[in-house]
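**Q** take this sequence and fold it.
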Amino acid sequence: MSIASPRSAHPLAHTHAGLTTALVALAGCATAAALLANDVFGSGPAPFAASVGVVVAVMTVTAVSVYRRMGASAWLVAISPFAIASATWTALFVLRPVELYVFPDHAVLALGQLGFDSAALMHAVALAGAGCAAWCAGYVWTLGRIDETVAQPVVPLRTHWVGGAVALVLGTALWAALFVRLGGIGALVHSAVSVRADQRSSSYGFVGVWVVQGTGLWALALLLEGGRRNATRLRTLVVLAAVLSAAAAVALELRGLVLFAVISALTIALALRPPSRAKLFVGTAAAVLAVLALGFAQQVRAYTSGMTTPEAVRTTVHTPVWALYASDLGTFDDLVAMRELVPASIPFLNGGTIREIPQALVPRRLWPGKPVGVDARVASYLYPGVAVAVPISLQGELYWNGGLAVVIGGSLVIGAAFGALGRFGLRSRIRTPFFVLYAVALPFTHAFLTRGLAAMTENLVFALVGVSVAGVAFGLRFDSPVVLRRLRPLRTRMPFPVPERRGADA
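**A** I've put the predicted structure just below:
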């Protein structure tokens, strides 16, 4: 049996003409968004609806292109960077703008005090749409065709559970040391904001969290791969890693890192053990409950800026459900605010935060004056005197650095980078450590689309270092994937059907 190219089943799916059509459509969407952002069509309900429609059109065009370029595999699309990007954009640039248009009183504090109208919403959505179109153009251009198995070094996933246990102890010691340095349980209970307000010179703690989470991910991969000999020990490592990761999330106020680890775990599980319909239904229900829990946790976190943790929990219990997500969806609100203030009241940064990206990797102990990041700068304008980080999305940061042209150019580059990530990860044999590293990097798609580029680059490095340390503890080898050729007849355990190639073997 040979690995077949889906081209035979979809003869027009992977042609250059198909790619060209998608790129032309995305270019048209970017142009329409740019015209809307520059008030060419004026303001009012129709231009606002058109700006939202552009975002929807961008995601639709890209979804069709990605689906076809992945051999019509819904599973591959589900574990690709575009799946996370489309979910992020739907929440921020489709649902949230419509909510604010219908319910203006739902806006976060800074935008509510500044005031806004449909024109301000339209400008922000159009700006976002131009960035989405450019990101998707770069993404589909570099993604390539995921229609054949590419040879990667097949590294046996050996089970050194003792090394995994050592990694758990090491990682926990690192993040616990950071927790104690930040004030420990007393600070967490009485002033949780102080725990997250000054997490500088704390790279060892973040790496420690990822060592713990990485241990759980490697143990999960080994277990699902068929580690029957040490199945009980591997399950124990997975459970311990989950418990310790949850403890780290509470102690260090790092809800996002645990969420990223969960997404990575789901990616590995979907690749190795595709769920049945019953399990998929149960998983969907669990996901809904998780979304509610995450909203509750985020609102508690937001309230701790002005009250103790017990008071924040009690207040959150009486908070309307729609308001639980104001902090997460407020990224769009703050984008609207900054779009109205820049450059009229606040000057352009002229590439300032972009130049900070490589500088973010320098330890703060070696550079005490290291920049605090774009999110902190936004907070200094919108919430002066409050120790918070305020994200304004990738488009917002790029716009502040130089306007619409920088949004389009920068989004194109970032999209191409994530297209390359998808190409590398989805072409990797899932029985190699490289797929696990891809699964770790995958959820950072959301981070790069919403948070500051410099800070997220730093956090991605922490994640890859921590997970790699855990992998080495398990005894895994990270050989360089230097052989890129078609394999002789071989079927990989991927969660999608592989049609037969007609004619000679590949």
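**Q** and for stretch 92-101, what's in contact with it?
**A** Contacts of stretch 92-101 with the rest of the structure, by Cβ atoms under 8 Å, 6 or more residues apart in numbering, involve 48, 51-52, 55-56, 106-107, 116, 118, 121, 124-125, 128-129, 132, 329, 331-333, 336, 393, 450. Heads up, the C-betas are built off the backbone N, CA and C, glycines and all.
**Q** then stretch 402-419?
**A** By Cβ under 8 Å, 6+ apart, stretch 402-419 touches 30, 34, 37-38, 81, 85, 127, 130-132, 134-144, 343, 348-351, 354, 394-395, 398-399, 401, 445, 448, 453.
**Q** buried subset of these, written for PyMOL?
**A** Listed next is the PyMOL selection for buried residues among the contacts of stretch 402-419, using 16 or more other Cβ atoms under 10 Å:
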select buried, resi 30+34+37+81+85+127+130+131+132+134+135+136+137+138+139+140+141+142+143+144+349+354+394+395+398+399+401+445+448+453
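**Q** is it true that residue 438 touches residue 423?
**A** No: counting by Cβ atoms under 8 Å, residue 438 does not reach residue 423; the two are 10.2 Å apart.
**Q** comparing the two, which residue is more hemmed in?
**A** Using other Cβ atoms under 10 Å as the criterion, residue 438 and residue 423 rank with residue 438 on top: 24 against 19.
**Q** now the more buried one, what are its backbone angles?
**A** As for residue 438, its main-chain torsions (degrees, to the nearest 10) stand at phi -60, psi -40.
**Q** neighbours of the residue lying closest to it once chain neighbours are set aside, just the number please.
**A** Nearest-residue entry for residue 438: residue 425, 2.9 Å, with adjacent residues in sequence omitted and distances by Cβ to Cβ, 6 or more residues apart in numbering. Residues near residue 425, counting by other Cβ under 10 Å, number 24.
**Q** do the same with residue 413
**A** Residue 413: 12 neighbours (other Cβ under 10 Å).
**Q** any idea how far the helix or strand harbouring it is from the middle of the chain?
**A** Using DSSP states H and E, residue 413 sits in helix 404-426. From the chain centre to the centre of helix 404-426 is a distance of 13 Å (Cα atoms, centre = their mean, to the nearest Å).
**Q** can you mark which positions in it are buried?
**A** Of the residues in helix 404-426, those buried (16+ other Cβ under 10 Å) are 404, 406-408, 410-412, 414-426.
**Q** C-alpha coordinates for that helix, PDB please?
**A** Taking C-alpha atoms only, helix 404-426 is exported to PDB below (Å, rounded to 0.1, in the frame of the first residue of the first chain):
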ATOM      1  CA  LEU A 404      -2.000  50.700   8.100                       C
ATOM      2  CA  ALA A 405       1.000  49.800   5.800                       C
ATOM      3  CA  VAL A 406       2.900  48.400   8.800                       C
ATOM      4  CA  VAL A 407      -0.200  46.400   9.700                       C
ATOM      5  CA  ILE A 408      -0.400  44.800   6.300                       C
ATOM      6  CA  GLY A 409       3.400  44.200   6.000                       C
ATOM      7  CA  GLY A 410       3.900  42.900   9.500                       C
ATOM      8  CA  SER A 411       0.800  40.600   9.400                       C
ATOM      9  CA  LEU A 412       2.000  39.200   6.100                       C
ATOM     10  CA  VAL A 413       5.400  38.200   7.700                       C
ATOM     11  CA  ILE A 414       3.800  36.800  10.900                       C
ATOM     12  CA  GLY A 415       1.300  34.800   8.800                       C
ATOM     13  CA  ALA A 416       4.100  33.400   6.700                       C
ATOM     14  CA  ALA A 417       5.900  32.300   9.800                       C
ATOM     15  CA  PHE A 418       2.900  30.400  11.100                       C
ATOM     16  CA  GLY A 419       2.300  28.900   7.700                       C
ATOM     17  CA  ALA A 420       5.900  27.600   7.900                       C
ATOM     18  CA  LEU A 421       5.100  26.300  11.400                       C
ATOM     19  CA  GLY A 422       2.100  24.400  10.100                       C
ATOM     20  CA  ARG A 423       4.100  23.000   7.200                       C
ATOM     21  CA  PHE A 424       6.800  21.700   9.500                       C
ATOM     22  CA  GLY A 425       4.500  20.300  12.200                       C
ATOM     23  CA  LEU A 426       1.900  18.700  10.000                       C
END
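**Q** centroid residue for the protein?
**A** Taking Cα atoms, centre = their mean, the centroid of the chain lies closest to residue 446, which sits 2.4 Å from it.
**Q** what helices or strands is the helix or strand containing residue 313 leaning on?
**A** Using DSSP H and E, residue 313 maps to helix 309-317. Counting contacts by 3 or more Cβ pairs under 8 Å, 6 or more residues apart in numbering; DSSP states H and E, helix 309-317 is packed against helix 184-190, helix 277-303.
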